[in-house]
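A.B. asks: quick one: sequence plus predicted model below, questions after.
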Amino acid sequence: MNSNIILKVEKGRKYSEFLDNNLKRNIVACKQKGILHDLLDVCDASGDAEFIEITSEEGLKILRHSTAHLLANAVVELYPDAKPNTSNEDNNTFYYDFDMNPISIDDFPAIEKKMEEIAKRNEPIEKMVLDKNSILELFKNNPYKTDKINENVRENESSSVYKEGNYMEFCRGPHVPSTGFIKAFKLLSISSTNYEGDINKQKMVRIYGTSFPDKKSLKEFLLRKEEAMKRDHRRIGHEMDLFIFDNERAPGFPFYTPNGAIIRNELINYMKELNEKNGWEDVWTPHVYKEIIWRESGHYDKYKNDMFLFQLSNGDHYGLKPMNCPGHIAIFQRDVHSYREMPIRYSEAGTVYRYEKSGEMGGLTRPRVFTIDDGHGFLRADQISEEVTSLLKMVPFIFNTIMGDSEISYDLSTMDKSHPENYLISYMCLECNQKFEMRAASDELKCQNCGSTSLKEDFSMWDNATENLKSALNNLGLPYKENPGDAAFYGPKVDVHIRDALDRLWQVSTIQLDFFMPINFDLNYIDADGQKIRPVIIHRAIYGSYERFIAILLEHFNGKLPAWLSPVQAYVIPVSENYSGYAEYVHRELGKNHIRSRLDLSQNTISKKIKLIRSMRPSYIIVVGENEKNNGTISVRNRSDRTKTYTINDFINNVDKEIRSHNIKQIF
RNA sequence: GCCAUCGUAGCUCAGUUGGCAGAGCAGCUGAUUUGUAAUCAGCAGGUCGGGGGAUCGAACCCCUCCGAUGGCUCCA
């Protein structure tokens, strides 16, 4: 997708001077030494420069950024009281926030028309470099812009302002050279937000839109969006009768119907198989615990408002588990462990309950109860690398098997050392030399032994854990992105994302190192010298949650799951009642051979039966009538609506192979 | 939790300025005996999300609670 062009540029000349007319049409900016420039900027050094094509990833981002400005330009022309705040672009779309009276999508045509008009004028988008005071003067009527200017520009420094006709924008750029580059855009939706995401601050109108270099790719994008809507797992789940929500009696809690339970169980069984192969032992832990365990683990402190906590009539406090680790830890604690037993790995399809706020729920992707393919490994420090490597090998194996060759990306989430208060870390007291662990804001920090406030942070555990994750990723040759500040409060982690058929990224697996839960629960094992040593805990989930993963699969496959996961693998329908007997025989034969079969003995015509059955997305629809009965065959219709005749045995053998090999391809 | 939109039969949805609650599909009964995306007819199905209010009169207007959707915030 990166079609950018490298050209030699000379210091003192404008970037645009190096482009011929042909190139000028498709080049929107220039990058030199990693810094993006407008085409009208003057080069400050001779050498190679990368000219950004409008169709490249960076080019599209610039186009969308400029389209957001075009939107703001149109909005202030139509609504002079509107005060633009900021824009952002991501994932094919952009948005712009305005302080203005609420509008609705009915107002979009007028705004789009105005944008169209400004685009047609082909206004140059000019950069002006001004000193801070002049910029503040320009935006004195817009408090959001003045905030931004004060945040980003130091006294006596200058910064850039872009001029587009009468419209001015405080912005770093770069931008497309003129509004004429903006040829295919559409406003998509509207929502409300608060200034700086703070609910106590000014309410804002957020307008979403998208922009493409040409009409054709815009149209394709809109079609894909529509397709994604049709593939919503809630809709498919309803059509295939997989799960329900009883909103009055259990909001946010999915119920699996018989069909849905089949998918869930197949996934659980498959994980069980892989866990066994990789040395993970199955355990089972309770769903309800006394509150004390959540205080020990530290979850209570941080998440008590998001937990289901309750009190019995005798005054005892209990809570539903929001995490499985304390349960696994309790099992680990049942006995003294030798260094020879390590690593000890417990896994469980562990169901957890979290009180998600009402507005945060959504189908199976964000329910209040979900089941994690959870695992906790208790390791010696010298076993970390090997264990992480073993898990990182499971990840592509599983997703490539289930979803076909999939694009998998890895993120390494590390701590942000400038905010130690967000993490549980070690401190050394400079007065009494006591080492202890805590998570606290700097003004609450004091030595647990002597009360001194002269403490030194010790990041060595974090650094060690992070290095282990990095080396495992590097050794397997997996490219990864580092996200400082995204670590869990107890340790760094690797998160895994997969891309689905509609080009969307989903977070699935997570592998987290934890040096602190062992401290909280005072865990240890006995080493060769008879000393007590702290183990390291590794938390892992490969699918993530079954609920979420089922949602991903349904949308990825449009409900047409691989046969091994299909609730209905064969749907048998007789041409008329006269062949019910043969249909029943076929159905029984399939069942005997562990193929999930259904039988339709209704009086509907065969066309109508197929019409109704299709929404169930069975792997195969089997039609039988006179011919089949006479020859002992079946007429099989696959998911691409092609039909083929098989003998019953042939079909069973082929489908059995398809199911057992977890094949994503059908037998024909 | 915040903002916006919404809640009518098992499902998908009509219901005009407030004036007798509708359709299609599914279900049941009967006729039809069907060859690959809807055969015909009949029957049944509802406290219009719950509660309160203004009105002669409310699915429709007002208040409130519950829930859903799209965003925001959050996501161990």
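C.D. replies: Sure thing, it's come through.
A.B. asks: off-centre distance for the lowest-mean-pLDDT helix or strand in chain A?
C.D. replies: Taking mean pLDDT, DSSP states H and E as the measure, the helix or strand of chain A with the lowest value is helix A:21-24, at a mean of 74. Here helix A:21-24 shows a centroid-to-chain-centroid distance of 39 Å under the convention CA atoms, centre = their mean, to the nearest Å.
A.B. asks: which element follows it toward the C-terminus?
C.D. replies: strand A:27-32 (DSSP states H and E).
A.B. asks: from memory residue A:52 sits against residue A:61, does it?
C.D. replies: No - using CB atoms under 8 Å, residue A:52 is not in contact with residue A:61, being 9.3 Å away. Using the backbone N, CA and C atoms, a C-beta is placed for each residue, glycine as well.
A.B. asks: who's more crowded, these two?
C.D. replies: Here residue A:52 and residue A:61 are compared on neighbour count by other CB atoms under 10 Å; more neighbours surround residue A:52, at 27 against 17.
A.B. asks: quick one: the more buried one is in a strand?
C.D. replies: Yes - under DSSP: H, G, I helix; E, B strand; the rest coil, residue A:52 falls within a strand.
A.B. asks: what about the residue in the stretch 301-450 of chain A positioned nearest to RNA strand B, distance to residue A:244?
C.D. replies: The stretch 301-450 of chain A approaches RNA strand B most closely through residue A:359 (2.3 Å), counting by CB to the nearest atom of the strand. Residue A:359 sits 21 Å away from residue A:244, taking CB to CB, to the nearest Å as the criterion.
A.B. asks: ok, the two, which is more surrounded?
C.D. replies: Between residue A:359 and residue A:244, counted using other CB under 10 Å, the more crowded position is residue A:244 (14 against 6).
A.B. asks: once you drop chain neighbours, what's closest to that one?
C.D. replies: Take residue A:244 and drop its neighbours on the chain: the residue closest to it by CB to CB, 6 or more residues apart in numbering is residue A:255, 5.0 Å away.
A.B. asks: cool, and residue A:13?
C.D. replies: residue A:43 (6.0 Å).
A.B. asks: so who does the spatially closest residue to residue A:596 that is not a sequence neighbour touch?
C.D. replies: Excluding the flanking residues, the one nearest residue A:596 by CB to CB, 6+ apart is residue A:569, at 4.4 Å. Residue A:569 makes contact with A:563, A:590, A:595-597, A:618-620, A:655, A:659, according to CB atoms under 8 Å, 6 or more residues apart in numbering.
A.B. asks: please enumerate the strands of the stretch 201-350 of chain A.
C.D. replies: A:203-212, A:243-245, A:254-256, A:281-282, A:288-290, A:309-311, A:317-320, A:344-353 (DSSP state E, counting those that start in this stretch).
A.B. asks: so how far is residue A:375 from residue A:279?
C.D. replies: Counting by CB to CB - residue A:279 and residue A:375 are separated by 10 Å.
A.B. asks: neighbour count winner among these two?
C.D. replies: Each of residue A:279 and residue A:375 had its neighbours counted (other CB under 10 Å), and the higher figure belongs to residue A:375 (27 against 13).
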